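K.L.:
Provide a 3D model corresponding to the input given below.
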Amino acid sequence: MPPKTPEDPEENPYDLLGILQEATEAEIRTAYRTRSLKVHPDRNRNDPNAAQKFHALTTASALLLDPLRRLALDAQLRLQAAKKQRFASYDNKRKAMVSELEQREQEFKKARMAKEQERTARESENVRIREEGRRMREQREKELELQEFERQYTRSKPESNGAVEEDFLAPPPPGDLDTTIRVKYALSSYPALSTAFALAAHLRRYGEIDEGTVVMSQKAKKAKKSKGPVDGEVIVTALVPFNQLGAAFAVVSSAESLKDRGMEVAWAGGSEPPILGWLRERGELGGPAAKRAEPLPAKTASDGTTFSSFPSSFPAFDDAPPPPPPAAKAGMDYESLTLLRMREAERARLEKEILEAEAAEGG
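P.N.:
Next up, the predicted model:
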């Protein structure tokens with residue numbers, strides 16, 4: 001069996017394009033257009049290698065049209081040609097020896113590459129395990145922190161003596177969906193609002209929103225006999241939690257004007273949060289002309305600072321929506337922390353509820 005010649009490069013760009021090494025730039029472009037049309041995937045749907053061939057032609061053309069890379073390629077091809085000439089002058093014994101050495105070198109490179117890939121995969125798995133452990137540890141710490149806070153809050157809560165005045169001052173407990181609204185619109189009416197981030201940016205004029213907690217679902221509706229979406233129209237349903245109750249109340253108060261523009265908004269819980277009724281009874285809800293009751297007494301936290309359970313008043317929504325509030329400080333009061341924790345815990349449940357509601361409407 002005759003000895004093998006040294007390996008040629010995997011793909012010679014000149015050979016792929018069918019041109020000589022002295023070809024001009026115009027000849028390279030002409031050859032690329034001619035051959036790419038023949039192997040284009042759209043013209044060779046039955047050829048599974050059509051995309052690979054087209055990619056090889058594109059890569060070869062880009063390389064030859066780059067003067068610096070073409071200069072390096074020409075130098076490499078000249079070295080390979082000189083190597084072939086030297087190989088041809090060897091006797092059979094020496095040719096066999098050269099071929100064996102090159103084969104061993106290739107096997108060594110393959111073994112080293114396989115070993116490197118194995119090491120990389122092992123390191124990636126170790127990183128994944130460490131990250132999973134860190135996530136589980138943080139989740140457990142959050143759960144313990146929330147349990148400890150609930151115990152402290154229960155101990156610090158003053159006991160009721162049955163007085164009517166204290167019952168009037170006692171606000172209802174915060175609900176999971178107090179600051180969350182349900183938004184529904186046709187995607188054709190608001191084509192730019194196709195993502196949770198875009199919807200949050202659109203509604204941020206009413207107040208700050210955490211984009212990461214917005215739950216959005218898109219579903220194509222079938223045509224109905226009465227007025228309704230056309231066949232195949234995409235209906236977007238989303239749950240948008242605001243950082244403040246006043247911002248959510250502002251959006252729901254604008255429901256009629258928003259509905260005229262093709263967007264339906266309502267409270268995510270299906271009804272108005274109880275805290276709004278409590279505030280309305282105290283005269284704290286409404287515009288500047290509304291009667292105000294006495295402000296809420298400040299509570300004293302464990303660290304000696306004072307905080308109020310709820311704002312003493314709400315902004316008027318008769319005028320333009322208020323600008324976004326300033327970013328929250330690092331320190332959060334107890335109720336803000338509670339709302340944040342409960343919102344995170346309820347995210348999965350909200351996603352399930354919105355899917356079930358859409359399935360019921362589709363049925």
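K.L.:
which one's the longest strand in the protein?
P.N.:
With secondary structure taken from DSSP state E, the chain has its longest strand at strand 233-241.
K.L.:
the helix or strand that comes right after it versus strand 233-241: what angle between them?
P.N.:
Proceeding N to C from strand 233-241, the next assigned helix or strand is helix 245-253, under DSSP states H and E. In terms of direction (axes from the mean of the first three to the mean of the last three C-alpha atoms, to 10 degrees), helix 245-253 departs from strand 233-241 by 150 degrees.
K.L.:
give me the longest helix you can find in the chain.
P.N.:
What stands out as the longest helix in the chain, according to DSSP state H, is helix 92-156.
K.L.:
tell me the mean pLDDT for that one?
P.N.:
Taken as a whole, helix 92-156 has a mean pLDDT of 88.
K.L.:
so which elements touch that helix?
P.N.:
Packing contacts for helix 92-156, counted by 3 or more C-beta pairs under 8 Å, 6 or more residues apart in numbering; DSSP states H and E, involve helix 334-362. In this view, the C-beta of every residue, glycine as well, is placed from N, C-alpha and C.
K.L.:
helix or strand with the lowest mean pLDDT in the protein?
P.N.:
strand 306-307 (a mean of 42; mean pLDDT, DSSP states H and E).
K.L.:
do you know the pLDDT at residue 60?
P.N.:
Reading off the model, residue 60 has pLDDT 93.
K.L.:
need the contact list for it.
P.N.:
When contacts are counted by C-beta atoms under 8 Å, 6 or more residues apart in numbering, residue 60 touches 11, 13, 16-17, 32.
K.L.:
please name the nearest non-neighbouring residue to it.
P.N.:
residue 13 (3.6 Å; C-beta to C-beta, 6 or more residues apart in numbering).
K.L.:
for the one you found, give me its contacts.
P.N.:
59-61, 63-64, 73.
K.L.:
again, 6 Å this time
P.N.:
60, 63-64 (C-beta atoms under 6 Å, 6 or more residues apart in numbering).
K.L.:
would you mind listing where the stretch 151-300 of the chain has pLDDT under the threshold?
P.N.:
By pLDDT under 70, the low-scoring segments of the stretch 151-300 of the chain are 157-169, 222-232, 285-300.
K.L.:
what's the closest of the contacts of residue 13 to residue 273?
P.N.:
residue 63 (65.0 Å; C-beta to C-beta).
K.L.:
and whichever strand or helix holds the closest one, how far out from the chain middle?
P.N.:
Using DSSP H and E, residue 63 sits in helix 50-64. With C-alpha atoms, centre = their mean, to the nearest Å as the basis, helix 50-64 stands 33 Å off its chain's centre.
K.L.:
how about stretch 91-102?
P.N.:
Distance of stretch 91-102 from the chain centroid (C-alpha atoms, centre = their mean) equals 57 Å.
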